[in-house]
Structure formats: C-alpha cells, structure tokens
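Engineer: Give me a model of this one.
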Amino acid sequence: MPIRYQTYLGLPPDPLLSATLNLLVEVFPALTEPEILAEIAYQQVRTPVLAGLALDDNQVVGCKLGYEQKPGHFYSWLGCVSPSCRGQGIAAELMRQQHDWCKEQGYHTIRTHTYNQWRHMLVLNIRSGYDIIGTVAGKRGLTIVLEKTL
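Structural biologist: Here you go, the predicted structure:
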C-alpha cells in the first residue's frame, strides 16, 4: 500500500497522536513523551501546532511538527521517519508539504535546528534550500541553525 499523508492544524486525534509520540520517542530516545507533550501544550497556547503525518496502512511511519515562531516566520520543530521506512523519500515529502502549507498561509521564512548526529536530516535540509545561519549551545550539544526563505 502506498504511503498516505495527512496534515492537521492542531494535534491529530488518537490513536494517531499516541502513535506519533511513540515514533518520536523511538527515534529520539533522549526525548520523553511528557517533554514532547509539554512543548506542544506550551506552543498551542500561542498558535496551533502543524502536524504532518506519513501513514503506511494506518501506522504512523513519519511525522513533521512545526509552529509559528512569530508572524511570517515558521519553526519546523520535530520530524522523523521510522528506521524501517527510511530511504523512500518520506522525510522529503513531509518537508515539501509543510513548506507548501507555510507558503499558502503567508509565511516567508522557515527555520529549523538540528544536531550533527542527524546528518541525513542536515543534508536533506541543505538540499531543500536551507542555509546554515549559525550554531547555538543546546540542551543536547551544539545545535545547527538553518533557515530558508519561502
């Protein structure tokens, strides 16, 4: 069955939300479900989180979460693909759909952060038109800051 993509402004309904959180914790073991939920809750006070999901037979195999950083600027926050589904272009498609949505909503800049250990994501970001604009000390090491004009 081909991968299906769904976008939610706000959190996806359960059981998709639970499956998304499980995937994020699997891929990013330094994160916990309560940490992710706390960040989502904090952001949702200001603006809804945009959640893009990739589904294979109703199983969440990829996600891309982001939110408005300030008017005109979108922050692409968390994204991942299940290790068993990598190499199929899922991350690139989730990114493309997020960027298309941002353009339609009038955003002109999109920013993301990553770490050197996530080299595949770093390379995908650069190939997708992001520029490295700096680094900052993060909770989990040196954070690479990337930005793209839409």
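Engineer: Listing partners with orientation, what would you give for the strand or helix carrying Tyr5?
Structural biologist: Taking DSSP states H and E as the definition, Tyr5 sits inside strand 4-9. With DSSP bridges as the test, strand 4-9 is paired with strand 50-56 (antiparallel).
Engineer: Can you show me the CA trace of the strand it pairs with as PDB?
Structural biologist: C-alpha atoms of strand 50-56 as PDB (Å, rounded to 0.1, in the frame of the first residue of the first chain):
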ATOM      1  CA  LEU A  50       1.000  21.900  12.400                       C
ATOM      2  CA  ALA A  51       1.300  18.100  12.300                       C
ATOM      3  CA  GLY A  52       2.200  16.300   9.100                       C
ATOM      4  CA  LEU A  53       1.900  12.500   9.200                       C
ATOM      5  CA  ALA A  54       3.000   9.800   6.900                       C
ATOM      6  CA  LEU A  55       0.900   6.600   7.200                       C
ATOM      7  CA  ASP A  56       1.500   3.100   6.000                       C
END
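Engineer: The helix or strand following that strand packs against which elements?
Structural biologist: Counting by DSSP H and E, the element after strand 50-56 in chain order, helix or strand, is strand 59-70. Judged by 3 or more Cβ pairs under 8 Å, 6 or more residues apart in numbering; DSSP states H and E, the packing partners of strand 59-70 are helix 16-27, helix 33-46, strand 50-56, strand 73-81, helix 90-104. Yep, even glycine has a C-beta here, placed from its N, CA and C like the rest.
Engineer: change it to 10 Å
Structural biologist: When contacts are defined as 3 or more Cβ pairs under 10 Å, 6 or more residues apart in numbering; DSSP states H and E, strand 59-70 sits against strand 4-9, helix 16-27, helix 33-46, strand 50-56, strand 73-81, helix 90-104, strand 109-114.
Engineer: If you average pLDDT over each of those, which is lowest?
Structural biologist: Set side by side, the helices and strands packed on strand 59-70 give their lowest mean pLDDT on helix 33-46, at a mean of 86.
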